[in-house]
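In: no FASTA, just this:
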């Protein structure tokens with residue numbers, strides 16, 4: 001369950017951080033029916049603050065002074081997966097990935 005929670009919260013952090021970066025750099029955001037207006041930046045900062053805290057807690061062991069059998073190994077699994085993903089991106093992914101806009105343009 002901890003791996004699932006870390007993955008879900010991590011994906012929320014990435015999505016909200018990308019939108020917040022666009023807003024802070026005053027880059028255009030895709031139009032949508034739902035708009036937070038002027039409250040968008042404070043809400044995104046508040047959401048990132050909460051999610052960052054929620055992201056850290058699944059890495060703690062269930063009880064103090066754990067041994068190897070009761071240790072929470074999620075940090076090792078997360079680090080390994082993130083490391084492998086970065087290695088894959090650096091050596092292959094950045095040369096083969098087409099973003100959604102380029103993919104749609106290619107189809108039409």
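Out: On my side now, so go ahead. For clarity, every value in this text was computed on a predicted model and none was experimentally measured.
In: State the helix or strand in which residue 52 lies.
Out: helix 40-56 (DSSP states H and E).
In: what's the distance between whichever helix or strand comes after that helix and the middle of its chain?
Out: Sequence-wise, the next helix or strand downstream of helix 40-56 (DSSP H and E) is helix 74-88. The chain centroid and the centroid of helix 74-88 are separated by 13 Å under C-alpha atoms, centre = their mean, to the nearest Å.
In: Against which helices or strands is the helix holding residue 52 packed?
Out: Contact here means 3 or more C-beta pairs under 8 Å, 6 or more residues apart in numbering; DSSP states H and E; on that basis helix 40-56 packs against helix 2-24. Every C-beta, even on glycine, is put in place using the N, C-alpha and C of the backbone.
In: how much space between residue 2 and residue 92?
Out: 29 Å (C-beta to C-beta, to the nearest Å).
In: quick one: which of these two has more around it?
Out: residue 2 (17 against 10; other C-beta atoms under 10 Å).
In: so what's the more buried one up against?
Out: 58, 59, 72, 74 (C-beta atoms under 8 Å, 6 or more residues apart in numbering).
In: and those residues as a markdown table, adding neighbour count, distance to residue 10 and pLDDT?
Out: Formatted as a markdown table, these follow (neighbours: other C-beta atoms under 10 Å; distance: C-beta to C-beta, whole Å; pLDDT from 0 to 100):
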| residue | neighbour count | distance to residue 10 | pLDDT |
| --- | --- | --- | --- |
| 58 | 18 | 10 | 89 |
| 59 | 15 | 12 | 90 |
| 72 | 15 | 16 | 87 |
| 74 | 19 | 12 | 90 |
